[in-house]
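J.: For reference, the sequence and a predicted model appear below.
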Amino acid sequence: MSQATLDDDELFDEAASEMREDVESSLASARAALPAADEVWDVEADNTLGVLNALKGALDTGDAESHLRDAKKWFAMGAKADAFDDAEDLEAEIEDVEALLGSIVDAHERVSTLASTIPELRGSLEDAHADAGADDGADEEEEEEEE
């Protein structure tokens, strides 16, 4: 083996190690950007809409998606170059973070939908009860007229 080949192998090993570190660092950043469990569980508000809006804010994933994308990008590049001796652990961790992020995004969308529905529902219920009160008043007038 020539000296140039040995240097190339050493450089490749060094690059592969750095690539693995980049994947691990990006995954750690993605996990750190996810909301804390207590932020999602403990919300304070005066009413239902306030709770939903607080929960929606707590479910913000920040830069987690961007960090996950970086991890996947570096992992894909390293895997394609066959740079990782044991890529299974990285792949599993990426899948775990991706699944968790997907669950949070799904919950955020559901809470957002509910938060936008509740004011309309409240208005409709107020109208329904106001109409029922008006109907009750009209029924009482008819009964009085019949007597």
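T.: Thanks, I have it.
J.: what's the offset of the biggest helix by length in the chain from the middle of its chain?
T.: If you go by DSSP state H, the chain has its longest helix at helix 88-146. Shown here is helix 88-146, whose average C-alpha point lies 20 Å from the average C-alpha point of the whole chain (Cα atoms, centre = their mean, to the nearest Å).
J.: what is the rounded mean pLDDT of that helix?
T.: Helix 88-146 shows an average pLDDT of 87 in the prediction.
J.: elements contacting that helix?
T.: helix 3-33, helix 48-58, helix 64-80 (3 or more Cβ pairs under 8 Å, 6 or more residues apart in numbering; DSSP states H and E). Every C-beta, even on glycine, is put in place using the N, C-alpha and C of the backbone.
J.: confidence score at Trp13?
T.: You called it Trp, but residue 13 is Asp. Per the predicted model, pLDDT is 85 at Asp13.
J.: Need the CA coordinates for stretch 94-101. CSV is fine.
T.: Coordinates of each C-alpha in stretch 94-101 appear next as CSV, following Å, rounded to 0.1, in the frame of the first residue of the first chain:
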residue,chain,number,x,y,z
ILE,A,94,-33.2,8.9,14.1
GLU,A,95,-36.4,6.9,13.7
ASP,A,96,-37.2,7.4,17.4
VAL,A,97,-36.8,11.2,17.2
GLU,A,98,-38.7,11.3,13.9
ALA,A,99,-41.6,9.4,15.4
LEU,A,100,-41.7,11.5,18.5
LEU,A,101,-41.5,14.7,16.4
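J.: Lovely, talk soon.
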